[in-house]
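Colleague: After the sequence you'll find the predicted model.
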Amino acid sequence: MGHITPSDITLYCNTNGPLIRGSVRSVVVELPGLGGGSCLGGVTDMCVYDNAYTRDLGERGILAAYMFPGPWSWMNKAAVGYCDLVLDAIYEKYGLTDGTPLVACGGSMGGLGALIFSADSRHKVTACAAACPCCDVPAAYEALPQFRRTILSAVTSYGIAPDEALRLISPVHRLDDMPYIPYRITADGADELFPESGLRAFADAMISSGHDVTYVSLPGQGHGGFTPEEREAFHIFIRNNCDP
C-alpha cells in the first residue's frame, strides 16, 4: 500500500515509454495545469503519452512523464511527494541514478508546479521550463472565483495560517530555495490571470540572485498563448537539457 512499483507506473502517470528507442538516458517530468490541462499535450486519461513532441523525445532516449497528482494540487507537499514516488519507480524500472538529467516543466499551475518541484523534490532537478506560471499565489488568490477554493484546498492540511501556507507554494516567496539550474520562463504579455509585470519581477529577482534564467515575453498573448515558435523553442530547451 502506497508503494509504486515499476509495473504500476502507468497507473500514476502517462509516459512515452513504449516510444523509447534504446535505453532511457534522461527524464522529463511535466506537471499539469489546473484541472489537468497541459500546454504541451499531456492528458489525464490513462494512455501512452504519444504526440510529435514525445515521439521526438523517445527517439532520443528521453522519457516524458505526465504526472497527475490531482487537479487542484498547486504543487503542495502531497503533490511533490506523489511525483517523487512515481520517479522512484521510474528510476528503478530503467536503472537510472541520481545523476540522471531530470527536467521539470509545465504551464500555468503546471509552470508553478515545475518551479516548486525543482525546489522541493528529493530528486535532483537539472533544468526547469515554466510557461505562463503562477509565481505569486497570494496575489493570484482572487484572480478567478474558482482559484479561491482550489488554492485553499491545496494548503488546508499544512496546519499553519493559510497566508503562510500560500507562500510555501509561491515561487516568488521561495527565491532562496530555488536551485541554481537553467530556467526558461515564458510570459504571456497580455496574461489576464498572472500579469507579466509580476513574472518579470520574479525573473529579474532570480537573475539578480545569480540564477541562469532565459526569460521570454510573448507580446499580446493572453494566458496560455503559446506561439508555434515559442513552443518549439520551449521543446528545444527541454531536449537540450536532457543531455547527460
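Modeller: Looks like it came in fine. Numbers count the residues shown, from 1 in each chain.

Colleague: Enumerate every residue touching the most centrally placed residue in the chain.
Modeller: A centroid search over the chain (C-alpha atoms, centre = their mean) returns Ala114, at 2.6 Å, as the residue closest to the centre. The neighbours of Ala114, taking C-beta atoms under 8 Å, 6 or more residues apart in numbering as the test, are Val29, Leu31, Ala104, Cys105, Gly106, Cys128, Ala129, Ala130, Pro133. In short, each C-beta sits where N, CA and C put it, glycine included.

Colleague: switch to 7 Å and redo it
Modeller: Leu31, Ala104, Cys105, Gly106, Cys128, Ala129, Ala130 (C-beta atoms under 7 Å, 6 or more residues apart in numbering).

Colleague: now, among these, which is nearest to Gly224?
Modeller: If you rank those by distance to Gly224 using C-beta to C-beta, Gly106 comes first, at 11.7 Å.

Colleague: what's the next secondary structure element after the helix or strand the residue nearest to the centre of the chain falls within?
Modeller: Mapping Ala114 onto the secondary structure by DSSP states H and E places it in helix 109-120. Per DSSP H and E, the first helix or strand lying C-terminal to helix 109-120 is strand 127-131.

Colleague: So, low pLDDT: which residues of this protein?
Modeller: Residues of the chain meeting the criterion pLDDT under 70: 1-2.

Colleague: just checking, what's the longest helix in it?
Modeller: The longest helix of the chain (DSSP state H) is helix 77-94.

Colleague: Show me which residues of it are buried.
Modeller: Neighbour counts over helix 77-94 (16 or more other C-beta atoms under 10 Å) mark 77, 79-80, 82-84, 86-91, 93-94 as buried.

Colleague: Kindly report the same for stretch 117-126.
Modeller: For stretch 117-126, burial by neighbour count (16+ other C-beta under 10 Å) applies to Phe117, Ser118, Ala119, Asp120, Ser121, His123, Val125, Thr126.

Colleague: Provide the contact partners of it at residue level.
Modeller: Taking C-beta under 7 Å, 6+ apart as the rule, stretch 117-126 contacts 29, 31, 75, 80, 83-84, 87, 98, 101-104, 128, 174, 177-179, 181, 241.

Colleague: So which of these are in strands?
Modeller: Val29, Leu31, Leu102, Val103, Ala104, Cys128 (DSSP state E).

Colleague: neighbours of the first one, just the number please.
Modeller: In other words, Val29. Neighbourhood size, Val29 [other C-beta atoms under 10 Å]: 28.

Colleague: cool, and the second one?
Modeller: One way to gauge burial is a neighbour count; for Leu31, by other C-beta under 10 Å, it gives 32.

Colleague: Ok, the fourth one next?
Modeller: Residue crowding around Val103 was assessed by other C-beta under 10 Å; the count is 27.

Colleague: that older thread, and the buried residues of stretch 117-126, which is closest to Gly17?
Modeller: His123 (18.0 Å).

Colleague: I figured Glu192 hits Gly224, correct?
Modeller: No: with contact defined as C-beta atoms under 7 Å, Glu192 does not reach Gly224; the gap is 10.2 Å.

Colleague: ok, these two, which is more surrounded?
Modeller: Neighbours were counted for Glu192 and for Gly224 using other C-beta under 10 Å; Gly224 has more, 15 against 10.
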